[in-house]
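Visitor: Quick check, what structure comes out for this input:
(chains A, B and C)
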Amino acid sequence: MNRFGLFSLTAPIVHLIGLIVLVALAMAGLAGTEFALSRYLANAIGQLAAFAVLAISLDLIWGYLGILSLGHGLFFALGGYLIAMYLLKHSFEITGTVPDFLQFMGWKEFPFYWDGFEFFPYALAAAVVITTLISGLFGYVSFRSRVGGVYFAIITQALVYVAMLLMFRNDTGFGGNNGMTGFTVLFGWPMGTSGMITALAVVSLLVLAGVLAGCNGLVKSRFGALMLATRDDETRLRTMGYETLRLKLIVWCLSALIAMLAGMLYVPQVGIINPRVLSPELSLEIAVWVAIGGRGHLVGAVIGALLVNAVKFWLSFAAPEIWPFILSGLIVLVVLVFPNGLMDLAKFKLMRPMGPKRLAADMGEARP
Amino acid sequence: MSLTALLVDGLTVRFGSFRALDELSLAIDYGEVRAIIGPNGAGKTTLLDVISGITRPKQGRVLFDGAIDLTGLSEAAIARAGLRRKFQKPSVFEGLSVRQHIAIGADVGFRTRLDAPALEDRVGEVLEIVGLVDQSHRLAGELSHGQKQWLEIGMVLASDPKVLMLDEPVAGLTDEETERTAALVRALKRPDRAIVVVEHDMDFVERIADRVTVLHEGRTLFEGSMDKVRADAAVVEVYLGR
Amino acid sequence: MKLARFVLFLVGLVAGGPLLAPTARAQALDRAGLIGNLCGNASAMGEAAAVLTGLAMSGDAADRAFAVPLARAVIDRKLACDEAGAVLTESGLDAVTRAPRPAAGEARTPVLSLKNRATYELADAALALRAAPEPAQRAAALKTLERRPALIPEGLLDAAAASETDAGLKADIETLAQTAALNAADPAARIRALARIADTPSRRALTKVSALTTDPAYAASPDFRAAVDDATLRIERGIAIGDVLATLYNGLSFASILFMAAIGLAIIFGLMGVINLAQGELIMIGAYVTWLVQQGLRVAAPSLLDWYLVLAIPVAFFVTAAIGIALEASLLRHLYKRPLMSLLATWAVSLFLMNLVRVVFGTQNLQFETPFYVTGGVPVIGDFIFTWNRMFAIAFAIVTLALTWGLVRRTPFGLNIRAVTQNRDMAACIGIPTRRVDMMAFGLGSGLAGLAGLALSPIYSVNPQMGQNFIIDAFMVVVLGGVGTIAGTVVAALGIGQINVLIEPLWGAVAAKVIVLLMIIAFLQWRPEGLFAVKGRRK
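Guide: Just a heads-up that it's a prediction; the model follows:
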């Protein structure tokens, strides 16, 4: 335990983690019985859990460190692409189906860099290493030259945009504009069965609970206090002997890894990954989830992601063309009326804000 | 240990065509409280910026302890060497509690190095010194202006610095608060510590300073005791007025 | 270039004329004599054919009109020779006077020998090419000539090209002229042709000239060989220069668009620290307003339709400026010290505008008229064509730059903008209405985006998503140029524009974007504040 604040059993985050675990256990327990959720609902819950993990990853750096990334879709897509490579290679090993994109390109076999992806541990290790390398390198050069604020946001957006253009090319060996799909086997089990759908959803929920608990531990620790200090006045902290570059780099890479994890959970559940995941719009939407939920609150990020995506899921059947209008309306509402998102609605002290309202509104908004 | 804590040697800083510091040289000894005064734009804050590593000079150097050139070091390295600074505008972490501030100041590193009781003792001691014991669990953003000033002093004090730089510590304080701050600064004076104060309040300066350096247009205009400063015609001309 | 070609044509006439077509230089045409020869023996008929061909090349227009029906009449056997001369039986006119008269006495139709048939067909085609009223007739004549390039007299095709009015046909004639000259029987003529081809280098010319290295003459005649090698060298150099110029030109036009898209962003960013993510949509709206002006003119004043690009300038500017002002007053003013939130807010606006336009106008590309002043271009050297639509964008950007610079540097409003950009609090203290300056500057920045939309409508496709294609490049310009400096924006736009265009042909458009981004990140290591940052101490 740390000396900066005590875990309280009444804290909303504990309730939320408990609720998530409960839902996961209930889904697992009821699987196969007449009370089991429909395949569609179970799948939707699993996807929402993956999005919630993604929202936490952004909240960690935006809410707690004051760094807004408009390119977090890059790391989400990295996880998604690498797990898709595992799924395709693994499915090919077992069923012998050649992926569509290879046939489309007229290639007889997988490119050499696909070697080893049939082993899940290798795919996982590759995902961790590649994500750490990319985020570490980009973070290092940006933070070293003290690029921050709006500059950083814009450059991350350019980064994800460029990545999207790259992946749209068909000759890269990653599926081009059609992406990768046709996953049939996961860990030797056939995909698409209700059992598999439920299992994936339960795993996603448990990962979400784990990530929440881990991040909560982090932000409540001394390190978390230093994150907030960096957000509030980085120069002040540096002139007290702290290398904020290292701190920012660590949190940034951690955030990228969590986003990657979210991608790994998401892609097996939707059954497809394509370059549209890398569009700047998706990355901006993540920021919207966090803003709506309330920056600097892990609970807020989760609720924001769930709420926005639940509405989006529902509207994608009811009236897909009005979704952009609703989304832009929501953003304007949040930005103008509820600068702390849903946390402003929680006036009943259900959730305790991190700081006075005025400050919370402006947190992490140092000049570039 | 050398007697001279800080030796500033031929320091020049330019912002565009404007010379904020113009081949400035001065020496500050251990055991003294040095006040640096001068009109706006004289280069007082820029001098502190160079010493604390925020601004890189065009030429010149700053020797700490007679041996370490600070001009090439990072802000964090300078701070770890034992130099701490309070900023002109109270700079506190609005999302953290008072206690967290002191703890961050007392023990540098991502993990604590002092054991828990020792850190508790140190934090309690500093809170006592700056008079914020009652506020220790409040968030810094909720404090009054004077309390923020003290909190920042407490934060830089907690590490027991060898050089303590205070940029306008009494700006915006009431007379009573100023009084208490003066007493605090005098109490912080130690033979193995140099204290540098930048201030416009002449009465405050007179009460705390052993020696006074007057800067004007990036150069030293005068150096000596406060009495002599008040008597110097040039200083009266450019700064104090008649 | 046209002039140069004309001079060459004159030189060709003076030098080649006497050798090839002596009769063509006769002061006045002996019409009766010509008709006499037409009715004469085979050798006289041969002479007459040469005269006809000569007329096609260089005779005066009246003589040429006189000659036009003759060769055809002989070929079709529609010429009746009698004592008084000859009659064109089809029209019933006297061949010399062109007065109607019947054939007198025992008329005789001259018969063409095998050799003469070819020369008469040549003469007929040559005359038709010069004097036929319909482009289709002239094109048919050119087809006939193409079959025997070696027989075409030097100078004929140049004369035809010079007087041709149909652009496509003219290009065809010029191509044939080159082929004909290169394949001429006379080695001297071939060498002259090589020299002339080398004067207008292009990839097509290079193919033709390099094909001559397999010609027997290349091995046999050192002169010819030298001429071919020299021409190859000159053409290659010309193509290289043309390619460089074309790249620079394309880069310049791309940079102009980038500049137009970025200057508004830069002004707003410098003033308020806000990056307007809706700037791309304001560009799109500028283009849509331009289209609406065009449609309006089509209905209200069709005679002015060609000028819609000019007439739309104030409309596009003020419509987008009004949107910008409304945006600032209703939304951004409240987000003033929260730049990251303003990013989200402007993105919401961008999403809204894009979808609104999509619902109202649909997703398809808009159709724009191309007025004469943005049509075509002037071929300069190699394959470089100085196209007017790109020139329009460049000129537009230069004028915008000048006006913006003047506004910011020379007017009280600009002084206010600069004051607020440098120190907002101080500016407010000395009585500058900072809120109003913000609003007006936001309007200015948005209006400039509208103008960018207008300027790029003749070059790029216009649809609801178009803003997205420019916005990220525009951000990069602002990041590279530094906060709110016009000079930085210009230099950064030029740099990014040129680098994009330079890399694109080598590794493709995607690689260009990747490299530009990496270069910007690397650049920020060296200068984190951008090219033209203002330095100062920590406040």
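Visitor: Doesn't A:R146 belong to a helix?
Guide: No. Secondary structure assignment places A:R146 outside any helix; it is coil (DSSP: H, G, I helix; E, B strand; the rest coil).
Visitor: Kindly tell me how buried it is, as a neighbour count.
Guide: A:R146: 17 surrounding residues under other CB atoms under 10 Å in any protein chain shown. The way it works is simple: take the backbone N, C-alpha and C, and place the C-beta from them, glycine included.
Visitor: same question, C:V360
Guide: A count of nearby residues for C:V360, using other CB under 10 Å, gives 9.
Visitor: now do B:H137
Guide: Counted with other CB under 10 Å, residues neighbouring B:H137 total 10.
Visitor: nearest residue to it other than its sequence neighbours?
Guide: B:S97 (5.4 Å; CB to CB, 6 or more residues apart in numbering or on different chains).
Visitor: That neighbour and B:S136 touch, don't they?
Guide: Yes. B:S97 lies in contact with B:S136 (CB atoms under 8 Å); the separation is 7.0 Å.
Visitor: between the two, which one's more packed in?
Guide: B:S97 (19 against 15).
Visitor: ok, that one to B:V123 distance?
Guide: Taking CB to CB, to the nearest Å as the measure, B:S97 falls 11 Å from B:V123.
Visitor: Mind listing the shared neighbours of those two?
Guide: Residues touching both B:S97 and B:V123 (CB atoms under 8 Å, 6 or more residues apart in numbering or on different chains) are B:S136.
Visitor: Enumerate the residues of chain B near chain C.
Guide: Residues of chain B lying close to chain C (CB under 8 Å from any CB of the partner chain) are B:15-16, B:20, B:45-46, B:49, B:54-55, B:89.
Visitor: and those, which of them are in strands?
Guide: B:15, B:20 (DSSP state E).
Visitor: Of the residues of chain B next to chain C, just the buried ones, PyMOL syntax please.
Guide: To isolate the buried ones among these in PyMOL, judged by 16 or more other CB atoms under 10 Å in any protein chain shown, type:
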select buried, chain B and resi 20+45+46+49+54+55
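Visitor: Excluding covalently adjacent residues, which one is nearest to the one residue sitting closest to the centre of chain A?
Guide: By CA atoms, centre = their mean, chain A has its centre lying nearest to A:L54, at 1.5 Å. Leaving aside its chain neighbours, A:L54 sits nearest to A:A262 (3.9 Å; criterion: CB to CB, 6+ apart).
Visitor: gap between the one you found and C:L502?
Guide: To C:L502, A:A262 is 39 Å away according to CB to CB.
Visitor: Settle it for me: which of those two has more neighbours?
Guide: Applying other CB under 10 Å to A:A262 and C:L502 shows that A:A262 carries more neighbours, namely 31 against 15.
Visitor: wait, doesn't the more buried one sit right on A:G46?
Guide: No. Using CB under 8 Å, A:A262 makes no contact with A:G46, being 11.6 Å away.
Visitor: Doesn't B:L7 lie inside a strand?
Guide: Yes. Under three-state DSSP, B:L7 sits within a strand.
Visitor: Does it touch B:I68 like I think?
Guide: No. Contact criterion CB under 8 Å: B:L7 and B:I68 do not qualify, at 10.5 Å.
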